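Colleague: mind folding the following:
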Amino acid sequence: MANSGWYPDPSSRHQFRYFDGNEWTGHVSDNATQSWDDFVVPSNIPQESSNSLGYQASPVPKFSQTPELKMGRIARSMRLMKVSLNLAGGQPGLFVVPIVSGLAQVVIVGIGLLILWNTRIQATDPYGFHRTHIAVIGYVAMAAAIVFSTYVNVVGRGIISDRAYATLQGSRRSNSDALSDCLAHSHKLFGWAIYSTVVRLLMNQLRRFGFAGAILDRIGQVAWSLVTLFVIPVILFESVGPTQAVKRSAHLIRERWGEGLAGTGVVGIVFMLLAMPLVLLAVLAGIVFTPLGIAVAILGFVGLMTVASVVSAVYNTVLYHYARSGSL
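Modeller: Okay, the predicted model is just below:
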């Protein structure tokens, strides 16, 4: 059996690949720069004579020695959530992103609805009844608005993900730096916006089949959200297209589905716990002065959605980093 170390990549995809003494790992290196590649390499064992000929690289930790891997899924999820909360709390600028993104989405959808409303056609059927139809251009405009709104949301989450990932790598990035990174991958992110919109709209069609269809739609939406949990980080940090990103995300989530579900559940539970006192506060404010109660409810809801959006995006990125590297 060969010793652990760097050897010429048997898949020929990279210059060197790390052999841990038992099997090939995803750690690869090109021109003294290390990266990760999950491509399944041949199972042949490297020969000592084919070593890296003096190539030096920083040590690669074996996954089996990573302390986090010894934890249970729930404990590990709590650990990852703690890291996510600390990371989000240390970068207040992240909370601006979902607010700006949300406002942009409202404007885009509003324009789509306005066009839809103004493309109504009044007609009288053969029986003398007045009917209202929507011109094709109205449906096209609304569909475009939904896609562009989704794209804005994707870019917003991409900005948060980019900054979170940079922090995990030991560097700092501003919102504008992260936006530049997202725009550099804009065609792929826009492709993902179209992809996800079409899939979700097709799933929504299941609701036409009554209660059973609604349940299937809900299950499908949850499963789709879980499978595509890492799509945005994969597009940004592995530079692949939407289809390949979905496959890659599904591959990673098979190993980390427990943490993915637990993290989503924790965000949801925290959101509900924070919402209860907010509802009470809004009701009390409404008793004193109704507009004040409405204002408290709206502002509180926006604040909760902002926090939930940031924490969710950061957690997904932290979990992606952990799933990819095996450590934090």
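Colleague: and M305, how far from R131?
Modeller: Shown here: M305 relative to R131, a distance of 39 Å by C-beta to C-beta, to the nearest Å. Placement of C-beta: from N, CA and C, glycine included.
Colleague: what does A184 give?
Modeller: For A184 relative to R131 (C-beta to C-beta), the value is 49 Å.
Colleague: just the mean pLDDT for the biggest helix by length in the chain, thanks.
Modeller: Secondary structure of the chain per DSSP state H: the longest helix is helix 242-288. Average pLDDT, helix 242-288: 81.
Colleague: stretch 171-182 now?
Modeller: Mean predicted confidence for stretch 171-182 is 92.
Colleague: list the buried residues in it.
Modeller: Buried positions in stretch 171-182, judged by neighbour count with 16 or more other C-beta atoms under 10 Å: R173, N175, A178, L179, D181, C182.
Colleague: how about stretch 272-279?
Modeller: Neighbour-count burial for stretch 272-279 [16+ other C-beta under 10 Å]: L278.
Colleague: what do you get for stretch 284-301?
Modeller: Applying 16+ other C-beta under 10 Å to stretch 284-301 flags A285, G286, G293, V296, A297, G300 as buried.
Colleague: and the residues you listed, which two are furthest apart?
Modeller: Greatest spacing in those, by C-beta to C-beta: G286 and G300 (12.2 Å).
Colleague: gap between H130 and T119?
Modeller: Counting by C-beta to C-beta - H130 and T119 are separated by 17 Å.
Colleague: meant to ask about A250
Modeller: Distance of A250 to T119, computed by C-beta to C-beta: 39 Å.
Colleague: next: A164.
Modeller: 42 Å.
Colleague: same thing with L304?
Modeller: Counting by C-beta to C-beta - L304 and T119 are separated by 36 Å.
Colleague: what of Y195?
Modeller: Y195 is 27 Å from T119, by C-beta to C-beta.
Colleague: what packs against the longest helix of the chain?
Modeller: In terms of contacts (3 or more C-beta pairs under 8 Å, 6 or more residues apart in numbering; DSSP states H and E), helix 242-288 is packed against helix 73-89, helix 186-204, helix 210-227, helix 231-238, helix 290-325.
Colleague: just the CA atoms of stretch 288-301, as PDB, please.
Modeller: The C-alpha coordinates for stretch 288-301 follow below in PDB (Å, rounded to 0.1, in the frame of the first residue of the first chain):
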ATOM      1  CA  VAL A 288     -53.900  52.000  21.500                       C
ATOM      2  CA  PHE A 289     -53.800  53.300  17.900                       C
ATOM      3  CA  THR A 290     -54.700  51.100  14.900                       C
ATOM      4  CA  PRO A 291     -52.300  52.600  12.400                       C
ATOM      5  CA  LEU A 292     -49.500  52.100  14.900                       C
ATOM      6  CA  GLY A 293     -50.400  48.500  15.300                       C
ATOM      7  CA  ILE A 294     -50.300  48.000  11.500                       C
ATOM      8  CA  ALA A 295     -46.900  49.800  11.200                       C
ATOM      9  CA  VAL A 296     -45.400  47.600  14.000                       C
ATOM     10  CA  ALA A 297     -46.700  44.500  12.300                       C
ATOM     11  CA  ILE A 298     -45.300  45.500   8.900                       C
ATOM     12  CA  LEU A 299     -41.900  46.600  10.200                       C
ATOM     13  CA  GLY A 300     -41.600  43.600  12.400                       C
ATOM     14  CA  PHE A 301     -42.500  41.200   9.600                       C
END
